[in-house]
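Novice: No sequence on hand, only this structure:
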């Protein structure tokens with residue numbers, strides 16, 4: 001600087017130093033206005049820099065900056081309505097969200113997002129990427145959520161495909177898109193942009209992707225920033241680099257005040273969980289097998305209509321969550337603690353998404369139900385085809401019935417109570433004992449006795465079969481712990497194989513058992529030969545009549561056994577009471593009788609004994625009860641014993657077995673196609689069963705030969721009127737004279753014939769001929785009650 005210029009500068013400085021305060025305001029340079037402002041300038045003419053770094057109290061009220069609003073609120077700002085004074089990004093988002101959330105009609109929004117949707121046909125499996133995002137978001141949690149552990153278990157239990165080469169290649173191709181969306185979310189959330197506009201901007205950038213891909217890519221972009229935030233929070237105390245970065249983001253201070261911030265984080269976590277839940281639901285729709293369901297199915301069509309809306313609100317919630325985190329790191333914990341609306345806004349979004357999720361879940365359940373029905377129908381048809389094919393062994397059949405899902409140990413061995421593989425039944429005759437989850441004690445004990453006798457018979461062919469219990473459970477009934485305990489208790493008593501759990505028996509198998517094998521509720525015994533062919537649809541009747549002698553329990557064997565039988569006492573009593581069989585061998589007259597009318601029983605036994613004495617014949621009377629009314633039978637048995645009226649069975653299981661065998665004889669013959677007009681033995685069996693339904697009855701035999709089968713209305717009068725036919729006894733013999741007079745009375749009075757088939761019985765005949773007159777019987781639906789409290793538990 002030369003001498004002249006130096007002199008001019010000193011002169012100017014001297015003039016300025018002598019100015020009054022007013023002159024300093026009027027004549028101040030721009031630089032002075034910034035670094036040395038007067039109080040008046042600070043109020044009436046502040047620069048932008050002054051507003052931020054050196055605001056006056058008045059400026060803080062009249063011209064607050066966004067940061068001043070959040071961090072340096074004046075008392076007046078705290079009193080005045082915050083929505084009118086604040087202008088920070090989060091409040092801008094909240095105001096716009098509130099307007100959008102209260103719209104009753106989303107048609108415009110739906111049209112806008114549909115206008116951005118232009119998929120180019122490229123498809124990729126979003127599940128590995130979603131699994132990765134889910135893992136990040138579930139681990140990036142400040143407060144533990146009990147529901148997270150279940151989700152985390154699903155992640156860890158699922159197949160980890162995030163390290164496979166194909167996924168790495170896919171991620172490389174998607175990384176640019178994810179980064180771009182991440183930057184979009186970060187910049188708009190910091191700048192306080194319109195949430196709807198930001199959401200549409202994301203839709204525009206993802207226009208070529210499918211709905212589920214848009215969703216997962218956006219979540220991945222959010223997870224990048226959100227995961228980084230919480231990763232620093234989790235490791236900054238042990239990593240110096242993380243610590244320095246955390247300080248820049250104010251994380252130590254935020255975590256120090258995590259207690260007051262807990263409601264905000266809870267709301268944030270709840271919203272993120274809702275976002276992930278609805279995303280997983282949408283992904284499941286995408287994974288539905290198109291082979292079994294199409295978009296014209298109402299449930300799927302409804303879901304596809306709502307999925308774009310669900311995607312919109314989920315992406316919009318991502319924007320809201322990102323704004324929360326950005327606001328926290330940029331404005332500090334003081335703002336979050338003082339704010340009152342943010343948690344409510346997040347909760348409102350979570351409620352919105354959960355409402356959509358409930359609707360989608362309902363439609364998804366309907367879709368699964370529809371698919372299950374299709375799969376069940378396909379499996380049912382495969383079962384039918386399987387049983388119509390020829391096989392080298394029974395393994396394919398048994399696996400299809402018992403363990404279609406390849407359970408390696410589906411059976412429980414009766415003797416050792418160990419789980420075993422189904423191969424133990426390979427190339428054996430298998431008897432499938434099919435029942436409900438419980439079996440009447442009487443049936444089980446008799447069947448167990450027959451089975452154990454076959455095991456003792458050494459190398460005889462009768463022991464070359466295995467029984468497998470298949471419990472059929474109604475899938476619509478909830479399987480309780482109490483039911484499981486009863487099932488295991490019953491299972492423990494069985495000496496044969498049993499299915500380990502009823503859950504192994506699938507719905508198509510249950511349908512096959514009911515429709516093809518006519519199972520209702522009463523136990524049936526389906527017989528498979530070593531090649532898995534059904535040789536008897538129900539051998540339970542053979543088992544009750546002949547036991548293991550009926551091996552191999554085929555229909556041909558059943559026919560052969562019937563050809564060997566005649567209508568004799570051994571057929572009725574065999575396997576029940578050896579005492580009666582001994583009487584038959586001695587040639588005694590044996591009268592079997594039944595009913596529950598104790599007065600008729602007294603008259604019949606007394607009169608029969610009187611007639612036998614007069615005719616000088618050796619007589620034994622045997623009371624065999626009734627097919628139902630168990631308690632009344634018990635009372636009659638007690639009276640007979642006390643009054644010494646006749647011989648009787650004190651063990652009511654013997655009474656049950658007598659009537660079960662008799663009914664099995666009828667069902668066996670009906671199953672073989674026999675009719676009363678061509679089968680005299682079936683006719684007599686039906687008569688006896690019908691008489692049991694209509695009062696008392698009696699079967700008279702001499703030795704093994706049964707010569708009379710009559711109803712109480714004709715048998716008792718025949719004995720009462722003995723004097724009318726006693727003269728025919730010497731020339732004809734007692735039995736013929738008795739039958740002739742009985743038939744004379746019978747022609748004058750014939751009781752109605754009646755048969756009852758329980759509703760849980762298997763295949764009921766379309767029609768039945770009367771055993772008396774051979775006409776087709778009328779069919780009725782009957783409701784009955786025997787007022788027997790123990791009958792249900794004891795017999796059925």
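Specialist: Cool, got the structure. These numbers were taken from a predicted model, which means no experiment stands behind them. Numbering: from 1, shown residues only.
Novice: Setting aside sequence neighbours, what's the nearest residue to the spatially most central residue of the chain?
Specialist: In the chain, the centroid-proximal residue (CA atoms, centre = their mean) is residue 475; its distance is 6.8 Å. Sequence neighbours aside, residue 507 is the residue nearest to residue 475 in space, at 6.1 Å (criterion: CB to CB, 6 or more residues apart in numbering). All C-beta atoms are positioned from the backbone trio N, CA, C, and that covers glycine.
Novice: Three-state assignment for the residue nearest to the centre of the chain, please.
Specialist: Secondary structure, DSSP: H, G, I helix; E, B strand; the rest coil: residue 475 is coil.
Novice: Distance-wise, check it relative to residue 376.
Specialist: 11 Å (CB to CB, to the nearest Å).
Novice: picking up where we left off before, which residues touch the residue nearest to residue 475?
Specialist: 372, 376, 475 (CB atoms under 8 Å, 6 or more residues apart in numbering).
Novice: Need these in CSV (columns: distance to residue 179).
Specialist: Below are the contacts of residue 507 laid out as CSV (distance: CB to CB, whole Å):
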residue, distance to residue 179
372, 42
376, 47
475, 49
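Novice: Make sure residue 225 is actually in contact with residue 185.
Specialist: Yes: at 7.3 Å, residue 225 and residue 185 qualify as touching, with contact defined as CB atoms under 8 Å.
Novice: Which residues are in contact with residue 467?
Specialist: 430, 431, 433, 451, 496, 497, 525.
Novice: For residue 202, state which of the residues you listed is nearest.
Specialist: residue 497 (60.4 Å; CB to CB).
Novice: The residue lying closest to residue 236 once chain neighbours are set aside: neighbouring residues, count only.
Specialist: Ranked by CB to CB, 6+ apart and with sequence neighbours excluded, the top spatial neighbour of residue 236 is residue 246, at 3.8 Å. Other residues near residue 246 come to 23 when the count uses other CB atoms under 10 Å.
Novice: Point me to the helix or strand that includes residue 246.
Specialist: Here residue 246 is covered by helix 240-248, with elements defined by DSSP states H and E.
Novice: For that helix, buried residues please.
Specialist: If you call a residue buried by 16 or more other CB atoms under 10 Å, then helix 240-248 has these buried ones: 242, 246.
Novice: For stretch 213-232, which residues meet the burial criterion?
Specialist: Buried, per 16+ other CB under 10 Å, within stretch 213-232: 213-232.
Novice: which ones among these are found in helices?
Specialist: Within these, residues falling in helices by DSSP state H are 213-232.
Novice: I'd say the residue nearest to residue 236 and residue 231 touch.
Specialist: No: with contact defined as CB under 8 Å, residue 246 does not count as touching residue 231 (9.8 Å).
Novice: State the number of residues packed around residue 736.
Specialist: 13.
Novice: which stretches of the stretch 251-400 of the chain form strands?
Specialist: Assigned by DSSP state E, counting those that start in this stretch, the stretch 251-400 of the chain shows no strands.
Novice: That should have said the stretch 501-650 of the chain, apologies.
Specialist: 524-528, 534-536, 589-594, 619-623, 647-648.
Novice: could you redo those strands as TSV and give each row mean neighbour count, distance to residue 411 and mean pLDDT?
Specialist: Below are those laid out as TSV (neighbours: other CB atoms under 10 Å; distance: least, CB to CB, whole Å; pLDDT from 0 to 100):
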stretch	mean neighbour count	distance to residue 411	mean pLDDT
strand 524-528	24	15	93
strand 534-536	19	20	91
strand 589-594	23	42	93
strand 619-623	20	43	93
strand 647-648	18	42	93
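Novice: Any chance of these in JSON lines with distance to residue 322 as columns?
Specialist: Listed next are these as JSON lines, based on distance: least, CB to CB, whole Å:
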{"stretch": "strand 524-528", "distance to residue 322": "64"}
{"stretch": "strand 534-536", "distance to residue 322": "65"}
{"stretch": "strand 589-594", "distance to residue 322": "86"}
{"stretch": "strand 619-623", "distance to residue 322": "88"}
{"stretch": "strand 647-648", "distance to residue 322": "88"}
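Novice: Tell me which of these sits nearest to residue 489.
Specialist: Closest among the strands of the stretch 501-650 of the chain, using CB to CB: strand 524-528, at 22.1 Å.
Novice: what sits in contact with each of residue 225 and residue 185?
Specialist: With CB under 8 Å, 6+ apart, residue 225 and residue 185 have common neighbours residue 322.
Novice: and residue 689, what helix or strand is that in?
Specialist: helix 680-693.
Novice: So for that helix, what gets flagged as buried?
Specialist: For helix 680-693, burial by neighbour count (16+ other CB under 10 Å) applies to 681-693.
Novice: between the residues you listed, which is nearest residue 519?
Specialist: Looking across the buried residues of helix 680-693 and measuring by CB to CB, the closest to residue 519 is residue 689, at 22.5 Å.
Novice: Can you give me the pLDDT of residue 723?
Specialist: We note a pLDDT of 91 for residue 723 in this prediction.
Novice: now do the one 4 residues further on
Specialist: Note on residue 727: pLDDT of 90.
Novice: Over to residue 65?
Specialist: Predicted confidence (pLDDT) for residue 65: 41.
Novice: ok, so what distance separates the spatially closest residue to residue 251 that is not a sequence neighbour from residue 245?
Specialist: Once flanking residues are discounted, residue 251 sits nearest to residue 233: 5.3 Å by CB to CB, 6+ apart. When distance is defined by CB to CB, residue 233 is 11 Å away from residue 245.
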